[in-house]
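Trainee: Okay, predicted coordinates and the sequence, questions at the end:
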Amino acid sequence: MNTIQYTTHSVEETLALGYRLGNFMKDYESPICIALDGTLGAGKTHFSQGIAKGFGVTEEVTSPTFALMNTYEVDGSNLYHFDLYRMDLVEELETIGFYEYTEETKSVVEWASKFVDELPDTTVWIEISVGNDGSRQFTVRTDLLSAETLQCIGENL
């Protein structure tokens, strides 16, 4: 398992880190699911907004807390953004087509730890924690991407 940590010290840095990941995802040839977890207010939505902008999304990006999923189309490619905060049962995932939109696509899933066993093999796990100084620590774990690739995504922070 490849693991790397990044630290951001502002919303702008969190957006920028997400932007670099989204830019990588846009050109990545295979399915990829970004699984985000962290406490309420840790920065999952800001990070997701950065991912979407880096992917090329020009419209406003909001957390799909009540819609459960937002779809963003960019140049014929889709980015699916889930928020599982309000979901409790595995059966609810089938109702919203979760598997169809995460298995062979590019997706971002907030509150992913609620359904660890339901995410695809193409998942990159990112745990966001808040430091005492308000900084954000991003711990990235994956077998999908090499340590070198992870290092490149986080360069210049």
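Mentor: All right, it came through fine.

Trainee: Low-confidence regions, this protein specifically.
Mentor: Across the chain, the ranges flagged by pLDDT under 70 are 65-67, 156-157.

Trainee: By residue count, which helix of it is the longest?
Mentor: In the chain, assigned by DSSP state H, the helix with the most residues is helix 11-27.

Trainee: give me every residue that touches Gly97.
Mentor: Contacts here follow C-beta atoms under 8 Å, 6 or more residues apart in numbering; on that basis Gly97 touches Met69. In short, each C-beta sits where N, CA and C put it, glycine included.

Trainee: ok, and what's touching stretch 15-31?
Mentor: For stretch 15-31, the external contacting residues (C-beta under 8 Å, 6+ apart) are 6, 8, 32, 34, 46-56, 74, 77, 79, 103-106, 120, 122, 138, 149, 152-155, 157.

Trainee: and if we set it to 7 Å?
Mentor: Identification of contacts with stretch 15-31 by C-beta atoms under 7 Å, 6 or more residues apart in numbering yields 6, 8, 32, 34, 46-56, 103-106, 120, 122, 138, 153-154, 157.

Trainee: Convert the C-alpha atoms of the longest helix of the chain to PDB, please.
Mentor: What follows is helix 11-27, C-alpha atoms only, in PDB (Å, rounded to 0.1, in the frame of the first residue of the first chain):
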ATOM      1  CA  VAL A  11      -8.800  26.800   2.100                       C
ATOM      2  CA  GLU A  12      -6.800  28.000  -1.000                       C
ATOM      3  CA  GLU A  13      -4.100  25.400  -0.500                       C
ATOM      4  CA  THR A  14      -6.800  22.700   0.000                       C
ATOM      5  CA  LEU A  15      -8.500  23.800  -3.200                       C
ATOM      6  CA  ALA A  16      -5.100  23.800  -5.000                       C
ATOM      7  CA  LEU A  17      -4.200  20.200  -3.800                       C
ATOM      8  CA  GLY A  18      -7.700  19.100  -5.000                       C
ATOM      9  CA  TYR A  19      -7.100  20.900  -8.300                       C
ATOM     10  CA  ARG A  20      -3.900  19.000  -8.900                       C
ATOM     11  CA  LEU A  21      -5.600  15.700  -8.200                       C
ATOM     12  CA  GLY A  22      -8.600  16.600 -10.400                       C
ATOM     13  CA  ASN A  23      -6.200  17.600 -13.200                       C
ATOM     14  CA  PHE A  24      -4.500  14.200 -12.900                       C
ATOM     15  CA  MET A  25      -7.800  12.400 -12.900                       C
ATOM     16  CA  LYS A  26      -8.900  14.200 -16.100                       C
ATOM     17  CA  ASP A  27      -6.100  12.600 -18.100                       C
END
